[in-house]
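*Asks:* Any chance you could fold what I've pasted below:
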Amino acid sequence: MYISKLSLYGFKSFSKKSEVHFGKGITTVVGPNGCGKTNIVDAIRWVIGEQKSSVLRADRNTDMIFNGTATRRPLNLAEVSLTIHNVSGRLSLPYSDIIITRRVYRNGESEYFINNNLCRLKDITDLFIDTGMGANAYSIIELKMIEDILSENPDERKRLFEEAAGVNKYRVQRKAALRKLEATKDDLTRLNDIINEIDAKVKNLHRQLKRYEKHQETTASLIESEVQLAMRKITDIRKSLDPIEGHISEDREEIEKIIKDLTGKEEIWNTNQKEFEEQESVLDEKNQQLSEIRDERNKYATEELVLKEQIRNINQTIARLQNDILQYEKTITFTEEKEVELKQQHLDTQKQLNDKRESFKTIESAGEEIEQRYSKVNAEIQALQEERFGLSKKQAENSARFGNLQENIAQREKELTSIEEHLVSQRENEKKISESLNVIHDKISSLNINLQLKRDNLDELETRYNQFYESERNLQKERRDVESRLDRLNNRIQFYTGIIQSKEGFSPGLQYVLENLPDFPGIKGALSDLLSVDSKYYTAVEAVIKDISRLLVAENRTAALQALSRLAEQDKGRVSIIPLDNEYQQQTANPVTNLIPLTNYVKCDKSLANLKEFLFQQIFCCDDEQYDRLINDPDCRGISLVSDKGRFRDANGIFSGGSRAAESNVLVGRTEKLYQLESESDAVSEKLKAVQAQLESVQNDFTAIQSQKQDISRLIKNAEQEALKLQSQLHHDESQLTESKSIQKTLDNNRISLKVLIENFKERILKEDPGKSNLDVEIASIEKKISKIREHVAEIKKELDQVVTDRQNQRIELINLENKYRNIADNLEITRRTIQRTLENKGNARIELKNNEQTADDIQIKTGENQKQLSEFQNTVAVTEKNIEEFRQSFQAIRINIQRLNEQLFKLRREKEKLSESISQLELGRSGFQAAINEIKSVLLEKYNRTIPDTVPDDLPEREELTRKVERFKRNLELIGMVNMTVKDEYEEENSRLTFLTEQRDDLIKSEKGLNEVITQIDSIAREQFREIFEKIRLNFKSTFSIFFNGGEADLKITGDSDPLEAQIEIWACPSGKKMRSLKMLSAGEKALTAIALLFGIYLVKPSPFCILDEVDAPLDDENTRRFTNVIRTFSEKTQFIVVTHNKSTMSIADSLYGVTMAESGVSQIVSVKLE
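*Replies:* Numbering: from 1, shown residues only. Now for the predicted structure:
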């Protein structure tokens, strides 16, 4: 498969339709700079799907369209068609020639065609998948890639490898995921701040809502109780208004009739009472029977609940099993995919193993051939030695031994020299290792000391951390207590402010005067507001003055009368006014007593002094414990006593007391109480500020300690990791030191043995010094031949040693591949067992699911039977209850009849006894009772805007009970205090907002977790893919380097970070005859050729049927160009090459040559030459 034709129309500088025909071999494109040669390369990139404008040397896609010149108009479209000869069938379409066409219009629209059929860009990219021909493949190599490889910036070189490995998309995905993760964390932080703020507000509103609900509930109960109390009063009054309109004479006749009726009704009552007792006994029996039936019904109802719970549990188990089965299926799918991947790896490794075995056989064959040569040369030496031996027989035996001894001495001395050099090297190595060990020991010792200090510091910080944590908790609790106390004080302040401003407890008339006090000259205010009382005696003063506290105080009688007249004119209600110009008769204290008068605990303005003395001078205070004793003390008769709890006895012996009035009803000392509460609130506020400041200080210290802990923990972790590294290095160096000592010991033994052997040989030479022989010349000649052959033997031996080394390396690589093959096979077997085990678990889950479903069906049947029994008992209960109800109605009729008779008998007897006297009294009191009813209704209507229905229920509670309830509800309202009446709407709004934000936070937390998992997965895939491709490029580079340099070695190394995605890549090269060294050490030409070799290595990772080289030979000299062209010529047997070049040597290897000219400015033209 190869590119056979490229057609261009309106693409960049090709305004006219142009065609370039390519052959299988090498095609070169030449021309001056700027004439449009590279536009041909861009056209091929563009038509096979390249989307990056920067790669195409443009800003946007419409820049591909010919933009016009001074003499030519711009075109409205650009079109490029690429014809691919697909005889090999490498492309998936069943055509021998495939035409790929791409077209772009001025409006930005693009069209794609395959064999003139409209298609998508995806169809084109899919067509080139796994062919090495896509837009992202390395089938197009340009000069910039060489510059990137040779760049001082290692990131440029790394980018080429990342593009070849295809990890850039993972980097983009990772960056996007990290940005999204950062945004999610920021959103989460902001959301947590908002939630904390709203949560505190909701909690506060919730507390207020509870108070509001309690207040509303208590208020409703209070109103209902006061209405019931009013109805109870009215009922009591109405009961006293029975019809008594008859005349006295008629009443007397009625009395006679009552006596007659009494006799008859008593007989009827006796009969009904007997029947009532009999039916009551029957009703008890029926109720007992009904109770037994209900018990049986309840038993079945309980069993039904148990069965429902069993069904619910089984359904949960079924759902869990279904989820387990789904997870097993996902596991099987994933494991099967892994099995397929392992099978592919197994096949690939097996192929590599077979290739390596073949390579090993080749090396073994080469080794056998060299061994044969070695044996042959040795045989020649042996023959010469035998000849020399024959000659030596003609000499004296001593002369032969003399030569052998000298040769042995020379050989042993050579070996001794080698051993001594090796020994010196080992001793130097031992010295270096010992020095390294000393340094490592010092580092470990220093690190351990530092580590212990940091741990001690961490323990100390941990102790301080716990102390600050406990302090913070205590201060938080104290702050909450102070805030709660402040809330209570503020509520009471609002309560007192509210009742003072609303003038609660005052009559409408009094409220009107106080609200318009400037309109009433001479009026000083309400008496309760003008008095200041010791807090201990609030209740005492309130008990004494009672309704007097609701009096208005006037400067004189004239002001009082004018105020009353004004109120009457404006119809604003009634008030009572006490003028200060009255003559108040002052009384002296009873000399018998030594008690303190109440006036001592009351303060007021000087103008009210006489009034105060008049009201309180003859009233004496005592403790509540003394009160019971003093009221029975004869010495205290005729004086007024009041306790500090409000129990009061006046001078006439009239007692008053009971429960304490609600705060809202206490009038005296309201303003003073408000001042006290405000003062206490200010003090508590200051305390709250102090606690808050202390808490902030502790929190700052706590945060600082926490930060220090984290820093030290991080330092400890780093130090521990460093210690582990040093320990590992220590073990490694110790192992090397032991090995070096062992080698030295062996060498020493060998050296001593050789010295002894040499001395023995020398002693034998001294003992056996033969004379000269006539055959010395001939023997010397043979020795010279042997020496020459031995030199040849040494060369063959060196070659043989190299082959043995290569064979050993190949054997190691073969063993590694075999191990890898076995590991993959083991993993494949584990995967298969995992699939089998998962299938078994899935089968067991299905069996358990089936059993649970069967159990559920059985319980459903049992439930149906139970419901049937329960329904029968329900029917039985209903029938029995109906019968009992019918019987009870009859029984109730008798009871009602008896009650009616009792009432009638009672009434008759009552009328008989009191009718005569009560008639006149009832007539007289009827008008008073009616007035009382009207007053009750008026007060209820004015206070609560409630009216009393004409029909009053008969089952109202007793009056005393209702009175106690009213007082209790008033006390509860007083304790609740002032409330926010709109708190319910505020709470619902804020709580709804809190719920919504909490759900949003949960979603963000899930998103954060998912993003972290995605980032981890992306990193894992990218690292694995990069390692795999890097290893392939490395192997290819070794091969291509050897080809380009006719031998030599090269390698790629990952340096720096342990993470391959963050590490750098270094290029090491060793041209033939030189030592391995970094790329920086090579000449410019060697660098360029090495970079080209690396690019070919990248290209061979996924070789394409064609390869385009865009001026990559520009930096090469003649020698390197020759190497480059030789490689191109070699590769062209299997790969089609399209080369853009200025180099004549490169042009000389072309099968076809195209020239690109620009005869007309801005318009490119193509000229072709077929080379033979």
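
*Asks:* low-scoring pLDDT stretches of the stretch 651-800 of the chain, where are they?
*Replies:* Where the stretch 651-800 of the chain drops to pLDDT under 70, the residues are 658-674, 735, 742, 761, 764-776.

*Asks:* The stretch 901-1050 of the chain too?
*Replies:* 905-931.

*Asks:* Chain neighbours aside, what residue packs nearest to the spatially most central residue of the chain?
*Replies:* For the chain, I1005 is the residue whose C-alpha lies nearest the centre (CA atoms, centre = their mean; 2.9 Å). Spatial nearest neighbour of I1005, chain neighbours left out: L188 (7.0 Å); criterion: CB to CB, 6 or more residues apart in numbering. (Glycine included, C-beta is placed from N, CA and C.)

*Asks:* where does the helix or strand where the residue nearest to the centre of the chain lies sit relative to the chain's centre, distance-wise?
*Replies:* Under the criterion of DSSP states H and E, I1005 resides in helix 983-1044. Between the centre of helix 983-1044 and the centre of its chain there are 13 Å (CA atoms, centre = their mean, to the nearest Å).

*Asks:* Okay, angle between whichever helix or strand comes after it and helix 983-1044 too, please.
*Replies:* Using DSSP H and E, the helix or strand that follows helix 983-1044 in sequence is strand 1049-1055. With axes from the mean of the first three to the mean of the last three CA atoms, to 10 degrees applied, the angle from strand 1049-1055 to helix 983-1044 works out at 160 degrees.

*Asks:* partner strands of strand 1049-1055, parallel or antiparallel?
*Replies:* Strand 1049-1055 sits in its sheet next to strand 1064-1070 (antiparallel), going by DSSP bridges.

*Asks:* List the buried residues of the partner strand.
*Replies:* Residues of strand 1064-1070 classed as buried: I1065, E1066, I1067, A1069, C1070 (neighbour count, 16 or more other CB atoms under 10 Å).

*Asks:* bridging residues for the fourth one?
*Replies:* The bridge-partner assignment for A1069, based on DSSP bridges, gives A1050, R1077.

*Asks:* Please tell me I have it right and the residue nearest to the centre of the chain contacts D187.
*Replies:* No. Applying CB atoms under 8 Å as the test, I1005 and D187 come out as separate, 10.7 Å apart.

*Asks:* Make CSV from the buried residues of strand 1064-1070 and add distance to D628 and pLDDT to it.
*Replies:* Formatted as CSV, the buried residues of strand 1064-1070 follow (distance: CB to CB, whole Å; pLDDT from 0 to 100):
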residue, distance to D628, pLDDT
I1065, 105, 80
E1066, 107, 80
I1067, 111, 81
A1069, 117, 81
C1070, 119, 81
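
*Asks:* Among these, find me the one that's closest to V172.
*Replies:* The shortest approach to V172 among the buried residues of strand 1064-1070 belongs to I1065, at 20.6 Å (CB to CB).

*Asks:* Would you confirm that that closest one contacts K1053?
*Replies:* Yes. Contact status for I1065 versus K1053: in contact at 7.2 Å, counting by CB under 8 Å.

*Asks:* Ranking helices and strands of the chain by mean pLDDT, which lands last?
*Replies:* strand 1077-1078 (a mean of 62; mean pLDDT, DSSP states H and E).

*Asks:* Toward the C-terminus from it, list the very next helix or strand.
*Replies:* Counting by DSSP H and E, what follows strand 1077-1078 is helix 1084-1099.

*Asks:* relative orientation of that following helix and strand 1049-1055 in degrees?
*Replies:* Going by the same axes, to 10 degrees, helix 1084-1099 makes 70 degrees with strand 1049-1055.

*Asks:* Which elements pack onto helix 1084-1099?
*Replies:* On a contact count with 3 or more CB pairs under 8 Å, 6 or more residues apart in numbering; DSSP states H and E, helix 1084-1099 meets strand 140-142, helix 143-150, helix 154-165, helix 983-1044, strand 1049-1055, strand 1064-1070, helix 1118-1131.

*Asks:* Residues contacting the next helix or strand after it, please?
*Replies:* Heading C-terminal from helix 1084-1099, the first helix or strand you meet, by DSSP H and E, is strand 1106-1110. Taking contacts as CB atoms under 8 Å, 6 or more residues apart in numbering, the residues outside strand 1106-1110 that touch it are 2-3, 38, 41, 44, 133, 139-143, 1099, 1128, 1131, 1135-1141.

*Asks:* averaged over its residues, what pLDDT does strand 1106-1110 have?
*Replies:* What strand 1106-1110 shows for mean pLDDT is 85.

*Asks:* burial measure for the nearest residue to D236 once chain neighbours are set aside, as a count.
*Replies:* Residue nearest to D236 in three dimensions, not counting chain neighbours: R959, with 6.8 Å by CB to CB, 6+ apart. R959: 14 surrounding residues under other CB atoms under 10 Å.

*Asks:* chain center to the longest helix seen in the chain, what's the gap?
*Replies:* Using DSSP state H, we find that the single longest helix of the chain is helix 776-944. When distances are taken as CA atoms, centre = their mean, helix 776-944 is centred 23 Å away from the chain's centroid.

*Asks:* what sits against C35?
*Replies:* Contacts of C35 (CB under 8 Å, 6+ apart): V1156, T1157, M1158, S1164.

*Asks:* Now G1155. Nearest residue, chain neighbours left out?
*Replies:* V1167 (4.2 Å).

*Asks:* Next up, identify which helix or strand the one you found is on.
*Replies:* strand 1163-1170.

*Asks:* Would you mark the buried spots in that strand?
*Replies:* V1163, S1164, Q1165, I1166.

*Asks:* need these in a markdown table with pLDDT, can you?
*Replies:* Listed next are those as a markdown table, based on pLDDT from 0 to 100:
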| residue | pLDDT |
| --- | --- |
| V1163 | 89 |
| S1164 | 89 |
| Q1165 | 88 |
| I1166 | 87 |
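
*Asks:* Quick one: the residues you listed as a markdown table, columns for distance to D442 too.
*Replies:* Formatted as a markdown table, the buried residues of strand 1163-1170 follow (distance: CB to CB, whole Å):
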| residue | distance to D442 |
| --- | --- |
| V1163 | 76 |
| S1164 | 72 |
| Q1165 | 76 |
| I1166 | 74 |
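
*Asks:* Can you tell me how far the nearest residue to I976 once chain neighbours are set aside is from E974?
*Replies:* Nearest non-adjacent residue to I976, counting by CB to CB, 6+ apart: H215, 4.9 Å away. As judged by CB to CB, to the nearest Å, H215 and E974 stand 11 Å apart.

*Asks:* what does D858 give?
*Replies:* Counting by CB to CB - D858 and E974 are separated by 63 Å.

*Asks:* Which one's more surrounded, the two?
*Replies:* E974 (19 against 12).

*Asks:* Remind me what the host helix or strand of that one packs against, helices and strands.
*Replies:* Using DSSP H and E, E974 sits within helix 959-976. With contacts taken as 3+ CB pairs under 8 Å, 6+ apart, helix 959-976 sits against helix 168-239.

*Asks:* Can you name the next helix or strand after the helix it packs on?
*Replies:* helix 248-394.

*Asks:* Does anything pack onto that next one? Which helices or strands?
*Replies:* Counting contacts by 3+ CB pairs under 8 Å, 6+ apart, helix 248-394 is packed against helix 397-502, helix 776-944.

*Asks:* Kind regards, and thank you for your time.
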